[in-house]
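Asker: Here's my sequence, what's the structure:
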Amino acid sequence: RIGLNMKWEISIPDLNKPRNVVFQRTELNNDNFEKFTGQIKECIIKYKESFNVNILNCLKQSRYQLAEYYLKMESEVFQKEFESTSEVYFLLLNSKIQYYSLSSNEKNFITNVFKQQLENPKNPKYSLVLMLYYSPNQILSQCSEDVFIEVFNYIQTSLLKN
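Answerer: Numbering: from 1, shown residues only. Below you'll find the model as predicted:
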């Protein structure tokens, strides 16, 4: 299991000169979420410029960190937090990292999320986290269509508020 307070450096090849991106892994909160968003934006820009396994790993770590952040929240808090953090959620979702194969640790983590989703089908946070790891078709095959529709309605409502 990955610790929450790790600092790791990723070497990113650049056409003009070598450059490093430092991704500080800390527990997310309101004070450091803006910095976290900036780190994800930088990783996504580099990821789109040229594929690099290190950048993909950076995005996967970010995805895990965001998933943990959401899963630790009470349902009432989650709704408000998702509205204020949806930008970074959609950055990760639109990066399409959910189409890459999962490591064994990721599979174990997401299996637990699936179990929680089945136990709490009306709570959208589990389905939203699953969407970071799997394509919509993969999720739909694992949960009911009603739950899936409810999650999309939740996302749409959240986007309209922003």
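
Asker: Check which residues of stretch 103-112 are buried.
Answerer: Across stretch 103-112, burial judged by 16 or more other CB atoms under 10 Å covers Glu106, Phe109, Ile110. Where you see a C-beta, it was placed from the backbone N, CA and C, and this is true even at glycine.

Asker: cool, and stretch 73-91?
Answerer: For stretch 73-91, by 16+ other CB under 10 Å, it's Phe78, Gln79, Glu81, Phe82, Thr85, Ser86, Val88, Tyr89, Leu91.

Asker: Just give me how far that stretch sits from the chain centre.
Answerer: 11 Å (CA atoms, centre = their mean, to the nearest Å).

Asker: In helices, which of the buried residues of stretch 73-91 appear?
Answerer: In this view, the buried residues of stretch 73-91 that belong to helices under DSSP state H are Phe78, Gln79, Glu81, Phe82, Thr85, Ser86, Val88, Tyr89, Leu91.

Asker: So Ile40 is in contact with Leu92, correct?
Answerer: Yes. Counting by CB atoms under 8 Å, a contact exists between Ile40 and Leu92, whose distance comes to 6.6 Å.

Asker: anything in contact with each of these two?
Answerer: Leu59, Ser62 (CB atoms under 8 Å, 6 or more residues apart in numbering).

Asker: Where does pLDDT dip in this protein?
Answerer: Where the chain drops to pLDDT under 70, the residues are 1-26, 140-148, 150-162.
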